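J.: Kindly return the folded structure for what I paste below:
(3 chains)
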Amino acid sequence: MHITALPFAVPLMAAALLVAVRHWSPRLVNDAVAAGVGVAVVAMLGILLARSIHAPIAYWMGGWRPSHSVTIGISFSIDPIGAGMAAFCAVLVTSALVYSWRYFEGADGLFHALMLIFMAAMVGFCLTGDVFNLVVFFELMGAVAYALTAYKIEERGPIQGAINFAISNSVGAYAIFVGIGLLYARTGALNMAQIGAALDGHHADALVIVAMALIFIGFLTKAAVIPVHFWLADAHAVAPTPVCVLFSGVMVELGIYAIARLYWTVFAGPLAAHAEELRAILIAFGTATALWGAVMCFAQRHIKRLLAFSTISHMGMFLCGIGLLSAHALAGVAVYVVGHGLTKGALFMLCGVLLHRFGTIDEQDLHGRGRILRFAGVLFAIGGLLLAAIPAVTVFFGKSLLDGAALEGRYPWLPAVFVISSMFTGGAVLRVAGGVFAGWGRPWAGGAAEQVAPAREEYDEEGISRDRTPPLMIIVPAVLLAAAILIGLIPGAVPGIERAASHFHDHAAYVGWVLRGGRPGFAPAATTHVEAYDYLYAAGATIGALALAGLALFGRPLRRRLPAMLLRPLVAAVGGLRELHSGHIGDYIAWWTAGAALLGGSSLMLLT
Amino acid sequence: MSFLPFAVAAWLFVAGLYGVVSSRNLIRTILSLTVVQSATYVLLLGVGYRHGGRAPIFADIPQVSTAVDPVVQVLVLVDIVVEATVTALLLALAVQAHKRFGSLDPNDLRTLRD
Amino acid sequence: MNRTGRLIMFGISAVALAAVLVKGFAGLPHFGDYTGVYGTVINGIGVTERHATDLVTALNFDLRAFDTLGEEFILFASILGVVLILRELREEREHPHQEEAEEHSFAGASAAWRALALGLIPAMIVLGGYIVLHGALTPGGGFQGGVILAAGPLAVFLAGRYLRMKVVAPQPLVEAGESIGALGYALIGLGGLIFAGVFFKNFLPLGTPGHLLSAGQMPLASIAVGLEVSGAFLVGWTEFLDQAMVIKEQG
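T.: This is a model prediction of the structure:
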């Protein structure tokens, strides 16, 4: 498959070209080249996806094929889940580029170049089969992300957000380096399949467990899981809108993807005896994240920060899904990621509309002012319902797979956690939709007195009046939301993902087709149906979300009647949680160390 | 004695983290981050060492002689490039932080909080 | 959290983390007992297969050339980020006065110091160029040589002439050079795809080990990377020096 390396190489070359001529090239050229490259990459990845469904592709860079099952070169080991994830990244980057067409201040081509490099890094990350290559792309993603977060340098927030982001993620990356060093010392290999083959058949000892814990905590930092999540809310609150779309839509999800990939290719063999305990550890982290994110989400006034915490909550749910360590759960997460990414991207884009028109993103300040943006308001409300997993949308199918997998895996209380998280995250978005776009209820006086300073986007000043929203800024989110609704309904889409997931988790087959080539013989996959209880959970979450939103908007007299004894400890608890998000990098790294020690210690104790 | 390099790596990792957590100046925080990364260098290079091994440069020595592992050297090379670039980015951010906040103390960078 | 609370939480966690790390490291083979298969294979076949004598460079620019592409773009993207973060805003304006800017530089630099610095410049450029070109033969390569090359124009600054440095290495030109280096390396990979069927497959004649023009694409890759690295570092240093010396707040 000759085009295999091109989806990675072409955006990089285009970015280099754009930078070389940036002092002389007009804005239209930058926009056109960037968007054009994006579309081309999506097309190429589509072809790769189709091919990989037929038979997974192992492409060895430089022609260095393995001999006697010893790998010398770097491979792109492409299976449908990897190709699909890469294609999804490319789609979101392209839509972000189209969204920011002309009206987003482009810093003389720097923005476009950085976005293209970001896309290349994410594509490479999803396709690679070499563990060190994975880290290189992780760092490339990171470097671009730190720079893009600090885009609005004239304000204080972006600078602080970028610093916190950069230091937190770098520490995570260094932990991954150490883990890789340990695995290399033990197995003498850097290719995932070869490491997995070398570790197979041996029981996991302390070295392998510590390597796993370090690698996982690094990727969990990227995935913004408790307690290493603090950087995400800061970064999202201040990064420019098209960048937030990518952060929440795909970048953090790649952390979960890496954990799934590395577990099934490298660690599944040696840890097979203790899968139950590992499940417990991952689900513990995931549940804490889902609930913490959900509560914090509802307590926010800054709409972008609200969406950031909603992302954290969903990441917790994804981690629970991966943590179930089963093929069905994996399929559920894959479907859910697609639905969530599209929805969250659209919601951020609509926030961009608000910022562009009114110059503020504070829920209180915006109360009622969104009435003139009726269509945007409808879209926003739809987004909220999608997050609550209203039946028949993509997110719903993902959820139902997850619920089924949870019951199979003997975690019957997990769907309840999902319902609660969806209620709060969906409810928060619905509250914003009702308050800002319809003017319902009275301005909600929740939250601490000191709030994040409302951010102002910098838009092209040439004659664009703030009375008109550029049509692309509404069309693109509408398209994303339509996709979020329809993708799950495409016949064969969800069963296809289920099949792909069962192949993904077939460890022996992976080692076979990467190291020895040829078509693998996969066991036929069982596909599931949506059960009645799935509809029940979804209905519960949706109604709960609407109820919470309604309570927040209209429930002031009700709140006054609640006994202070009930209310005060709740408020104090939430207030305490919020205090922890202090913005101080020392705090964040102290929590990181605690998280690393917790994951490492619990792994060593439970998995030996 | 043969464990010493790895013990040093572990110590550097944790000491660097301490520097990041306790620092009152952003520049010191960034340099402590560098210390954390140097733990990875020590670990990787320590893993690849072979007693009596020469450098994997065969211009003058015959090919059959023992040489240390070239792969970890490549990994460390990449590692160093990554460190240089992240440090450059962070220092640029520190320059801007000083201009916007008037101070480099993390305690004073308090715009973003809940 | 206040400082004490933070340090206490960190202290406990750090001790636990250190214990975890030591427990994991204890499983490592003893220092000096490297028996891995990857390194041994490379040491065995590197010279005969790739006709290169520096096997670290052989890995960097041939066997694992794909990693180097990513690595080089990390540098590229980070320097783009530095340019983005330190870019000039409307409120700040470049101070046009040459003399005043030079007052901030090594105005007190003695003539001897300046002469020494200026004498270093050709030496560094030659050394940097040598290391870049001989990447496949002796220790060094594009990355190492590139940094030394970048130090040449920087010495102009050390000699006390900041604005002269910007004349010797003007920003748009250096940026263009950096981008061309990055692009060039990717094109070598593309050349492998077009002429040899696989991305980054060595498509140039391998020559004799030990000669300057050997090991196929490695010298070429080395030059591309050297160009990119030197450009990147110069751009980065110029941005930082701009902040310190030339840009002033209006008023």
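J.: Helix or strand with the lowest mean pLDDT in the chain?
T.: Picking chain A for this. In chain A, no helix or strand scores lower on mean pLDDT, DSSP states H and E than helix A:556-561, which sits at a mean of 70.
J.: Hmm, no, I was thinking of chain B.
T.: helix B:70-101 (a mean of 91).
J.: Could you list every helix and strand in contact with that helix?
T.: In terms of contacts (3 or more Cβ pairs under 8 Å, 6 or more residues apart in numbering or on different chains; DSSP states H and E), helix B:70-101 is packed against helix A:131-149, helix A:156-187, helix B:26-48, helix C:37-50, helix C:55-58, helix C:65-85, helix C:218-241. (Glycine included, C-beta is placed from N, CA and C.)
J.: near chain B, anything from the shortest one?
T.: I take that to be helix C:55-58. Yes: using Cβ under 8 Å from any Cβ of the partner chain, helix C:55-58 reaches chain B at C:L55, C:V56, C:A58.
J.: Was I right to think the second one contacts B:Q73?
T.: Yes: the criterion here is Cβ atoms under 8 Å, and C:V56 meets it with B:Q73 at 4.9 Å.
J.: shared neighbours of the two, which are they?
T.: Common contact partners of C:V56 and B:Q73 (Cβ atoms under 8 Å, 6 or more residues apart in numbering or on different chains): B:P56.
J.: quick one: which of those two has more around it?
T.: Shown here are C:V56 and B:Q73; by other Cβ atoms under 10 Å in any protein chain shown, C:V56 has more neighbours (24 against 21).
J.: Compute the number of surrounding residues for A:M605.
T.: 11.
J.: Correction: the previous question concerned C:A16.
T.: The number of residues near C:A16, taken as other Cβ under 10 Å, comes to 17.
J.: Report the backbone C-alpha coordinates of stretch C:191-207 in CSV.
T.: Provided in CSV are the C-alpha atoms of stretch C:191-207 (Å, rounded to 0.1, in the frame of the first residue of the first chain):
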residue,chain,number,x,y,z
GLY,C,191,12.3,9.9,-2.7
GLY,C,192,12.6,6.6,-1.1
LEU,C,193,8.9,6.0,-1.9
ILE,C,194,9.2,7.1,-5.5
PHE,C,195,12.5,5.5,-6.4
ALA,C,196,12.7,2.5,-4.2
GLY,C,197,9.1,1.7,-3.5
VAL,C,198,9.1,2.3,0.3
PHE,C,199,9.0,5.5,2.3
PHE,C,200,12.5,6.3,3.5
LYS,C,201,14.1,3.4,1.7
ASN,C,202,17.7,4.3,0.9
PHE,C,203,17.7,4.9,-2.8
LEU,C,204,21.1,6.4,-3.4
PRO,C,205,24.2,4.2,-4.1
LEU,C,206,25.8,3.0,-0.9
GLY,C,207,29.4,3.5,-1.9
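J.: Would you mind giving the secondary structure of A:R65?
T.: coil (DSSP: H, G, I helix; E, B strand; the rest coil).
J.: Any regions of the chain where pLDDT drops low?
T.: This is for chain A. A:106, A:392, A:442-466, A:521, A:523-525, A:559-560, A:562, A:564 (pLDDT under 70).
J.: my bad, the chain I had in mind was chain B
T.: In chain B, residues with pLDDT under 70: B:63-65, B:111-114.
J.: Just give me the residue right at the centre of it.
T.: In chain B, the centroid-proximal residue (Cα atoms, centre = their mean) is B:Q37; its distance is 2.4 Å.
J.: Name the nearest residue to that one, sequence neighbours excluded.
T.: Of all residues not flanking B:Q37 in the chain, B:E83 sits nearest, at 4.9 Å (Cβ to Cβ, 6 or more residues apart in numbering or on different chains).
J.: May I have the phi/psi pair for residue 53?
T.: Just so you know, I chose chain A. Per-residue torsions, A:I53: phi -70, psi -40 (degrees, to the nearest 10).
J.: think we crossed wires, I meant chain C
T.: C:T53 adopts backbone torsions of phi -100, psi -20, taken as degrees, to the nearest 10.
J.: Can you tell me which helices and strands the longest helix seen in chain C packs against?
T.: Longest helix of chain C, by residue count under DSSP state H: helix C:171-196. Where contact means 3+ Cβ pairs under 8 Å, 6+ apart, helix C:171-196 is packed against helix A:6-20, helix C:65-85, helix C:218-241.
J.: Pull out the buried positions in it.
T.: For helix C:171-196, a neighbour-count test (16 or more other Cβ atoms under 10 Å in any protein chain shown) marks C:174-193, C:196 as buried.
J.: So for B:A97, what's the nearest residue that isn't a sequence neighbour?
T.: A:I159 (4.9 Å).
J.: what comes into contact with the helix or strand harbouring C:A155?
T.: Taking DSSP states H and E as the definition, one finds C:A155 inside helix C:142-158. Residues outside helix C:142-158 that contact it (Cβ under 8 Å, 6+ apart): B:77, B:81, C:61, C:105-106, C:117-118, C:120-122, C:124-125, C:127-133, C:135, C:164-165, C:168-169, C:221-234, C:237, C:241.
J.: same deal with stretch A:544-557?
T.: Here stretch A:544-557 makes contact (Cβ under 8 Å, 6+ apart) with A:298, A:384-385, A:387-388, A:419-420, A:422-428, A:430-431, A:433-435, A:440-442, A:444, A:446, A:558.
J.: and with 6 Å instead?
T.: Outside stretch A:544-557, the residues within contact range by Cβ atoms under 6 Å, 6 or more residues apart in numbering or on different chains are A:A388, A:M423, A:G426, A:G427, A:L430, A:R431, A:G434, A:G435, A:W440, A:G441, A:W444.
J.: So which of the residues you listed wins on neighbours?
T.: Going by other Cβ under 10 Å, A:A388 tops those with 32 neighbours.
J.: how about the nearest residue to it once chain neighbours are set aside, what does it touch?
T.: Distance criterion Cβ to Cβ, 6+ apart; nearest residue to A:A388, sequence neighbours excluded, is A:G426 at 2.9 Å. If you count contacts by Cβ under 6 Å, 6+ apart, A:G426 has them with A:G384, A:L387, A:A388, A:A545.
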